[in-house]
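J.: just the structure for this:
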Amino acid sequence: MQTIWLGGPEWLAVLRIGLGLWWLESWRHKDKKGWFERGTGIAWAAGVAADHRWAVVRRGFDVVVRPRPKAMAYVVVYAELALGAGLVLGFLTPVALVAGLVLNLLYLVLMIHDWAEQGQNAMMALISLVALGAMGWQTWSLDAAMGLF
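T.: Just a heads-up that it's a prediction; the model follows:
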């Protein structure tokens with residue numbers, strides 16, 4: 001493989017870190033007071049789920065999220081923070097990549113009508129898949145420094 005400026009493993013690390021920064025930005029721009037105190041994020045998602053074209057999404061939301069809106073708000077917000085930190089630092093990277101892939105796929109399915117969200121979540125899921133398949137934790141990561149994975 002020929003590359004410019006950096007080697008293949010370094011470019012893969014750049015991709016992994018960029019994905020982590022994307023997750024951190026998702027966390028940073030959330031109105032945490034709204035999510036945690038007023039339940040705005042889960043209320044918005046409930047509206048999206050209620051109008052969803054697939055019954056399985058409506059039922060899944062009603063079973064998993066609706067009964068515990070406060071807990072789910074914390075799960076979503078802090079999952080994005082943990083994913084971002086894990087990918088930027090390269091700590092427990094395979095776990096972060098799989099969890100991020102699952103979360104992006106959940107977002108993709110929930111927001112099937114929103115083309116902007118579709119593109120973002122599809123690209124984030126693709127980056128996760130590539131970084132996972134290419135073992136993107138081998139360079140510039142705490143995992144590599146600690147001999148994990």
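
J.: got a pLDDT number for residue 40?
T.: Looking at residue 40, its pLDDT is 95.

J.: show the contacting residues for it.
T.: Shown in contact with residue 40 (CB atoms under 8 Å, 6 or more residues apart in numbering): 31, 34. (Glycine included, C-beta is placed from N, CA and C.)

J.: what distance do you get for it to residue 54?
T.: According to CB to CB, to the nearest Å, residue 40 stands 24 Å off from residue 54.

J.: cool, and residue 112?
T.: 7 Å.

J.: who has more neighbours out of these two?
T.: residue 112 (15 against 12; other CB atoms under 10 Å).

J.: so the more buried one touches residue 51, yeah?
T.: No: contact between residue 112 and residue 51 fails when scored by CB atoms under 8 Å: they sit 10.7 Å apart.

J.: helix or strand for the most centrally placed residue in the chain, which one?
T.: Against the mean C-alpha coordinate of the chain, by CA atoms, centre = their mean, the closest residue is residue 100 at 3.7 Å. Using DSSP states H and E, the element containing residue 100 is helix 93-110.

J.: mind listing what's buried along that helix?
T.: Buried residues in helix 93-110, counting neighbours by 16 or more other CB atoms under 10 Å, are found at 93, 94, 96, 97, 99, 100, 101, 103, 104, 107, 108, 110.
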